[in-house]
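S.K.: Below: sequence and its predicted model.
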Amino acid sequence: MKNLNISTIVLFVSFLFLFSGCSVIGDIFEAGMWFGIIGAVLVVALIVWIIRKLMG
C-alpha cells in the first residue's frame, strides 16, 4: 500500500509539471504569433514607404 501512495504522488506531481509546461509553451507560441503579425505589418509598411519614395 505504501508503494501505491508514493507512485500516486509521483504521478500527480508529473502531471502538474506536464500541464504547467503546456501552458508555458502556449504562451510562447502566442507571443511568437504577435511578434510575427507585428513584423509582417512593419515589413509591408516599409515596402509601401519605399515604393512611395521611388514613385514620388
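M.R.: Noted; the coordinates are in hand.
S.K.: where's Gly26 relative to Trp49, distance?
M.R.: Distance of Gly26 to Trp49, computed by C-beta to C-beta, to the nearest Å: 35 Å. C-beta: built from backbone N, CA, C; applies to glycine.
S.K.: Equivalent analysis for Val10, please.
M.R.: Distance, Val10 to Trp49, using C-beta to C-beta: 58 Å.
S.K.: which stretches of the chain have low pLDDT?
M.R.: For the chain, the stretches with pLDDT under 70 are 1-4, 18-21, 24.
S.K.: ranges for the strands of it?
M.R.: Assigned strands in the chain: none (criterion: DSSP state E).
S.K.: For stretch 13-30, C-alpha coordinates in PDB please.
M.R.: Taking Å, rounded to 0.1, in the frame of the first residue of the first chain, the C-alpha atoms of stretch 13-30 are listed here in PDB:
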ATOM      1  CA  VAL A  13       3.500  15.800  -9.500                       C
ATOM      2  CA  SER A  14       4.500  14.600 -13.000                       C
ATOM      3  CA  PHE A  15       1.100  15.700 -14.300                       C
ATOM      4  CA  LEU A  16       1.400  19.100 -12.600                       C
ATOM      5  CA  PHE A  17       4.800  19.700 -14.300                       C
ATOM      6  CA  LEU A  18       3.400  18.500 -17.700                       C
ATOM      7  CA  PHE A  19       0.400  20.700 -17.600                       C
ATOM      8  CA  SER A  20       2.300  23.800 -16.500                       C
ATOM      9  CA  GLY A  21       4.800  23.200 -19.300                       C
ATOM     10  CA  CYS A  22       2.000  23.100 -21.800                       C
ATOM     11  CA  SER A  23       0.800  26.400 -20.500                       C
ATOM     12  CA  VAL A  24       4.200  27.900 -20.900                       C
ATOM     13  CA  ILE A  25       4.600  26.600 -24.400                       C
ATOM     14  CA  GLY A  26       1.200  28.000 -25.300                       C
ATOM     15  CA  ASP A  27       2.300  31.400 -24.000                       C
ATOM     16  CA  ILE A  28       5.500  31.300 -26.000                       C
ATOM     17  CA  PHE A  29       3.600  30.400 -29.200                       C
ATOM     18  CA  GLU A  30       1.100  33.200 -28.600                       C
END
